[in-house]
Each structure stands twice: as C-alpha cells, then as structure tokens.
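J.: sequence unavailable; structure follows:
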C-alpha cells in the first residue's frame, strides 16, 4: 500500500508537472515552427511586392497625373506578363472591387481567391492582407494582397498566390518529429522516474516488512546490506542497529529477570526456612531462635534494599522531580562516607579519605546525591577483597568538582567496561545484585548536568569518577526534573 501511495504521489506530483512543462515546451516549439514556416512564405511574397513597388516608384514622376498613373498601370501589366517565378507564384492584379484584371498564367479563374486577403488589405494600416484557404481542387494555398502604393490606372492591388504543399509537408514532418521527440522524452522521464522511485520504494518496503517483524517480536530480523551510501542505506543500517540493540536489551532483560528472581528467591528461602524453624522452638532465649530472627532481619533488609533499588530505577525511567538546592559536595560526600563506614569495617576493609578544608558548592538534590554515593560505595565494597582499601578523593577546578571512588577489587573486563552503565547489564565476574546500580547513578548524575566515568584493570581495581558543575548564580532553573 505504501509503494502504491508513493508512486501515485509521484505521478500526481512530479510526473504531472514534468508532463505539463513538456507539453508547454512542445506547444511553444510548434507555434514558433508554424510561424517560421508559414510566416516565411508570407515574408518572401512581401519582399517581391517591395521590389515591384520600388520599380513602380521609379516609373513616371511623382504626382497623380493620368499619364503617370497610366504608365504605372502598364508597367505593372508588363511585370505580370514577364513574371519569372510563375512556377512558384501566381501573380495577379486586382481592381478596387477585387476583380482580377490580369494574371501571370493568363487564366482569369477565381479558384485561387476567396476575397479575405483583399478585404484585410483594405482595412490594414500596412495595406497588406493574407489568407490561407483550400481551392476547389483540394490544394491548400496562401494568398497575399498588397495595395498599390501609387496610382496605377484601374489597378488597386497586387496579389500573389502560392501552393503550400511543400510547406505543409515540412510542417507535418516537423510536427511528427516534435511529437515523436516529446513522446520519447516522456517515456524516458517515465522510465527514469519509475526506476528512481522504485529504487526508493523497494528498500522502503523491505524496511516496512522488517520493522513489522521486529515490532511483532522477531528481534533476529535484519535488513540486507545496501550498496547505496545514502539516506536509505543509513536508514537500513540504523534499523539493523536498532534491532541489535533491542535484541541485546531483551537478552539483558531476561538475564535481569532471571538474576532478580534468583536474588529474591535466596533471601525468601532463608526467611521461610527460619520461620519454619522458629515455629518449632518454644524457648525465645534459644540460640537458634535469636539466630533465626537475626537472619530474618538481615534478609528482610536485603530484600528491602533490592526492592528500593528497583523502584528508584523505575521512577527514574518514568521521570521524577528533583528537589535541587545549593549543597556543599564535601559535606555530602563526608556524610555518605560516615554512613557506609561501619559496613566497610564489617567487611574487613579500610576507607581512605582526606576531607578538603574548603566547601565545594554544587546545585543538586541531596537525597539523590546521597543515593549516588551509596550505590558507588556499595559496588566498591562488594567487589573488594577482605583487607583491601577503598579510596575517596575530592578535587575541584574552576568549573567542575570531582568525586573519585577507587577500590582494589577484581576489576572489570575491557569488553564489559563500556556496558556497565547500561540497565540490566551484569559483567561476567559480577556478584549478587540487580545490575542497575550504576545505571541509576548515571541517570541521576546526567540529570544534574554531570558525567560518570569508569576505569578498571582486572585484578587491580576499579575507579568511578563523578564530575558535577560548580554552582553559579542562575543555575537554579537547570536540572529541575528528569
């Protein structure tokens, strides 16, 4: 349907305009050719009249005496009798009523006149009239009449008639050639236009079919490589890249669902087992009773953290309102470090942090900024071996402030490093978790106008660098929502 629509639009639009231009060009050419052919015949006859009129002027003396007029009349009759182009023209002399007085052929037939050229000459300012008509024998002729400019007895006009057989044949040939060329040009336009339109329509049809398959869930559908490096080729490449991204996201989503299901099942299984155990313990002071409650509390906190992480990511994807204000980044980072320090020591790790003496002002949401720090610290703790250190470093330039968290953990493989900020992605050597912590960090920092950079070396550690713009007056209207 799309193919038919595009071709129809091309026919109604571009092709119609081209045809109209072609028709107008043909009409102008044919009109000019007609005027040139038939007008040329009339100009030739008029040139003969001018020559005869020049000779007539030299006959006698100026004036209207009867002898002079009679001399001119006789001169005109001699010219008719001695006319040398009888094979081309019939030369006639007419009186004031248009009656034929003499002809170059000697015949006085009226078959070669219909009177319209003489009537036109009488009313024309130039004294010249012309007419094209068909004789009773079926021959097309042109008659041109010119009033005699000087008194010449009873002769009032000169008239020449010539056959248009050759001119009509030339006109027919010109018309045929012009129509043939126009038809050829139209067919060439039609062929080239359809070829060009189909070169667009065919790949668009493939794009439509492939996009439909992708929309219906066939994420393995791909468009064939095109030899054209144009908009169509780039569109096909973009569709293929989109399909690959969708397939990758679908794979990551499935892995995420599987991972989250496993992560949720583990604490739920533990909680359920200990609940069953506690039900059979009558003594609240029993060590197993207290241990069960501790495990239930720990696993419940773990479930709560996972659910909150998922909810935060969902809110970020749906768009939330940021409650930004002027903050001291040093104070916020220090509070976050104090918040996780107990857990760091519990895991057998050490926090290395030297608090800068001066404040680093930023425009940010305190709750979201705390979430960023906690997520980054959480990853550093999870991937650090016991006895290792976590380094927190703050620095400042005239335009940005930077928070750098470095661990001495297992690191991230080079092929996974560019994907760790993608939602649902979990590296090959990842530990438990939902895989969306860094995606949440990247979303929040980007909403605050900052950047997140991650560098890592396998078995040596990972460094997360968060950069935010330094606060300046007038920044309040920026980054209000994501």
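T.: Structure's in. What do you need? Here the structure is a predicted model, which is why all the values come from computation and not from measurement.
J.: next, the buried residues of stretch 11-30.
T.: Across stretch 11-30, burial judged by 16 or more other Cβ atoms under 10 Å covers 15, 19, 22, 26, 30. Every C-beta, even on glycine, is put in place using the N, C-alpha and C of the backbone.
J.: for residue 382, state which of these is nearest.
T.: Of all these, residue 15 has the smallest distance to residue 382: 67.0 Å, by Cβ to Cβ.
J.: which non-adjacent residue is nearest the closest one?
T.: In this structure, residue 15 finds its nearest non-sequential neighbour in residue 193, 5.9 Å apart by Cβ to Cβ, 6 or more residues apart in numbering.
J.: before we move on, what SS does that neighbour have?
T.: At residue 193 the chain is in helix, as set by DSSP: H, G, I helix; E, B strand; the rest coil.
J.: quick one: it and residue 14 touch, right?
T.: Yes - in this structure residue 193 lies within contact range of residue 14 using Cβ atoms under 8 Å: 6.8 Å.
J.: overlap in contacts of these two?
T.: Common neighbours of residue 193 and residue 14 are not found (criterion: Cβ atoms under 8 Å, 6 or more residues apart in numbering).
J.: and the pLDDT at the residue nearest to residue 15?
T.: Residue 193 carries a pLDDT value of 83.
J.: also the one 4 residues further on?
T.: Reported pLDDT at residue 197 in the predicted model: 80.
J.: and residue 255, by the same measure?
T.: pLDDT for residue 255: 69.
J.: going along the chain, name the helices of the stretch 201-350 of the chain.
T.: For the stretch 201-350 of the chain, helices defined by DSSP state H, counting those that start in this stretch occupy the ranges 231-279, 287-318, 329-346.
J.: packing partners for the first one?
T.: When contacts are defined as 3 or more Cβ pairs under 8 Å, 6 or more residues apart in numbering; DSSP states H and E, helix 231-279 sits against helix 165-215, helix 287-318.
J.: tabulate those helices (a markdown table), appending distance to residue 253.
T.: Shown next, in a markdown table, are those (distance: least, Cβ to Cβ, whole Å):
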| stretch | distance to residue 253 |
| --- | --- |
| helix 165-215 | 16 |
| helix 287-318 | 13 |
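J.: rank the ones you listed by mean pLDDT and give me the bottom one.
T.: Lowest mean pLDDT within the helices and strands packed on helix 231-279: helix 287-318, a mean of 75.
J.: packing partners of it?
T.: The helices and strands touching helix 287-318, judged by 3+ Cβ pairs under 8 Å, 6+ apart, are helix 231-279, helix 437-447.
J.: ok now that helix, how far from the chain's centre?
T.: Distance, stretch centre to chain centre, for helix 287-318: 51 Å (Cα atoms, centre = their mean, to the nearest Å).
J.: can you check which strand is longest in the protein?
T.: With secondary structure taken from DSSP state E, the chain has its longest strand at strand 140-152.
J.: contacts for the following helix or strand past that one, please.
T.: Next helix or strand after strand 140-152 toward the C-terminus (DSSP states H and E): strand 155-163. Contacts with strand 155-163, where a contact means Cβ under 8 Å, 6+ apart, come from 41, 45, 48-49, 52, 72-73, 76-77, 88-96, 98, 101, 112-113, 117-118, 121, 139-148.
J.: for residue 329, give me the pLDDT.
T.: 93.
J.: which residues does the residue nearest to residue 15 contact?
T.: Taking Cβ under 8 Å, 6+ apart, one finds 10, 14-15, 18 in contact with residue 193.
J.: closest to residue 366 among those residues?
T.: Looking across the contacts of residue 193 and measuring by Cβ to Cβ, the closest to residue 366 is residue 10, at 59.9 Å.
J.: any idea how many residues pack against that closest one?
T.: 17 (other Cβ atoms under 10 Å).
J.: hang on, it in a helix?
T.: Yes - under three-state DSSP, residue 10 sits within a helix.
J.: let me know the helix or strand that the spatially most distant residue from the centre of the chain is in.
T.: Using Cα atoms, centre = their mean, the residue of the chain lying farthest from its centre is residue 67. It sits 87.1 Å away. Secondary structure from DSSP H and E places residue 67 in helix 66-81.
J.: residues touching the closest residue to residue 335 other than its chain neighbours, list them.
T.: Ranked by Cβ to Cβ, 6+ apart and with sequence neighbours excluded, the top spatial neighbour of residue 335 is residue 370, at 7.2 Å. Counting by Cβ under 8 Å, 6+ apart, residue 370 makes contact with 332, 335-336, 339.
J.: are any of the contacts of strand 155-163 buried, and which?
T.: Burial by neighbour count, judged by 16+ other Cβ under 10 Å, picks out 41, 45, 48-49, 52, 72-73, 76-77, 89-94, 98, 101, 112-113, 117-118, 121, 141-148 from the contacts of strand 155-163.
J.: tell me the one of the buried residues of stretch 11-30 nearest residue 398?
T.: Set against residue 398, the nearest of the buried residues of stretch 11-30 by Cβ to Cβ is residue 15 (62.5 Å).
J.: is it true that that closest one lies in a helix?
T.: Yes - with three-state DSSP as the criterion, residue 15 is part of a helix.
J.: any figure for the gap between it and residue 157?
T.: Distance, residue 15 to residue 157, by Cβ to Cβ, to the nearest Å: 54 Å.
J.: ok, now residue 100?
T.: For residue 100 relative to residue 157 (Cβ to Cβ), the value is 10 Å.
J.: shared neighbours of the two, which are they?
T.: By Cβ under 8 Å, 6+ apart, residue 100 and residue 157 have these common neighbours: 93-94.
J.: settle it for me: which of those two has more neighbours?
T.: Shown here are residue 100 and residue 157; by other Cβ under 10 Å, residue 157 has more neighbours (24 against 16).
J.: dihedrals phi and psi, residue 101?
T.: As for residue 101, its main-chain torsions (degrees, to the nearest 10) stand at phi -100, psi -40.
J.: grab the nearest non-local neighbour of it.
T.: Spatial nearest neighbour of residue 101, excluding adjacent residues (Cβ to Cβ, 6+ apart): residue 93 at 4.5 Å.
J.: any chance you could list what contacts the helix or strand that neighbour falls within?
T.: If you go by DSSP H and E, residue 93 is part of strand 89-94. Contact with strand 89-94 is made by 45, 48, 76-77, 79-80, 83, 85, 100-105, 112-113, 118, 145, 155-162, as judged by Cβ under 8 Å, 6+ apart.
J.: stretch 393-402 now?
T.: With Cβ under 8 Å, 6+ apart, stretch 393-402 has contacts from 329-330, 333, 353-356, 360, 362, 403-404, 406, 450, 465-470.
J.: narrow the residues you listed to those in helices?
T.: Among those, the members found in helices (DSSP state H) are 329-330, 333.
J.: so who does residue 79 touch?
T.: By Cβ under 8 Å, 6+ apart, the neighbours of residue 79 are 52, 55, 91.
J.: ok, residue 323 next?
T.: Counting by Cβ under 8 Å, 6+ apart, residue 323 makes contact with 365-367.
J.: so where's the stretch 1-150 of the chain uncertain?
T.: The model of the stretch 1-150 of the chain has pLDDT under 70 over residues 1-4, 60-65.
J.: ok, and the closest non-adjacent residue to residue 454?
T.: Computed as Cβ to Cβ, 6+ apart, the closest residue to residue 454 that is not its neighbour in sequence is residue 464, at 5.5 Å.
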